[in-house]
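Trainee: Structure, please.
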Amino acid sequence: MADLNRIPDEVKWKIASENASRLPALYDAAFREIVGKRYDEIEQVIWMELSRTVFSIAHTLSLPVGNATDLAETLRTVMILLFGPGFRSESIKVSEDRAVIVVKRCPLIEEGTAIRTEGERTFRKCMALTLTSVPHLNKNYSARFVRTMCEGDRQCEIKISVNDEPKQKLP
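Mentor: Numbering: from 1, shown residues only. Below is the predicted model:
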């Protein structure tokens, strides 16, 4: 057996992240026709469940989630951990309660394009993950997409802001 310690970490990281980013497109290509109309519904549940992993990673690494800027930075960090260093983005602080994540390069889109899946399919995955992750990280905040590369924009823009209505405290 090959000695894994002899393989540089950056090579292992590149191989792992490229394949993790390729899996969603491969599943789409393999199962969409067989499953039919329910495929998007089933897949959305999977990506929403992945948001629990986003929370778990953030919690384990003690990443900050107290305000919009913290949430944007934490989400960017976890996306890199999940999908690799090819995920390129920046966060912009608008105010204490608002921030924007600007995604400039996304391995999910690149791999989806390579397998020839439609951009809209990739967007549904990302939307389910992102929109569910933010309130998992901090129930007082939500996210919404303003621009999406999957649908032809030059970059993705995801606004994170405090919810309009305060959450009621449980008894």
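Trainee: only C-alpha atoms for contact and neighbour calcs from this point on.
Mentor: Will do.
Trainee: and after the lowest-mean-pLDDT helix or strand in the chain, which helix or strand comes next?
Mentor: Within the chain, no helix or strand scores below helix 107-115, which has a mean of 80 by mean pLDDT, DSSP states H and E. Downstream of helix 107-115, the next assigned helix or strand under DSSP states H and E is helix 119-137.
Trainee: contacting residues for residue 141?
Mentor: By CA atoms under 8 Å, 6 or more residues apart in numbering, the residues touching residue 141 are 68, 134, 135, 160, 161, 162, 163.
Trainee: Please confirm that residue 93 is located within a helix.
Mentor: No - counting by DSSP: H, G, I helix; E, B strand; the rest coil, residue 93 is not found in a helix; it is strand.
Trainee: Quick one: residues contacting the nearest residue to it once chain neighbours are set aside.
Mentor: Using CA to CA, 6 or more residues apart in numbering and skipping the chain neighbours, the partner closest in space to residue 93 is residue 99 (4.5 Å). If you count contacts by CA under 8 Å, 6+ apart, residue 99 has them with 68, 69, 72, 91, 92, 93, 159, 160, 161.
Trainee: which helices and strands does the one helix or strand the second one maps to pack with?
Mentor: Taking DSSP H and E as the criterion, the element that holds residue 69 is helix 68-83. If you count contacts as 3 or more CA pairs under 8 Å, 6 or more residues apart in numbering; DSSP states H and E, helix 68-83 packs onto helix 9-35, helix 39-60, strand 88-95, strand 98-105, helix 119-137, strand 156-162.
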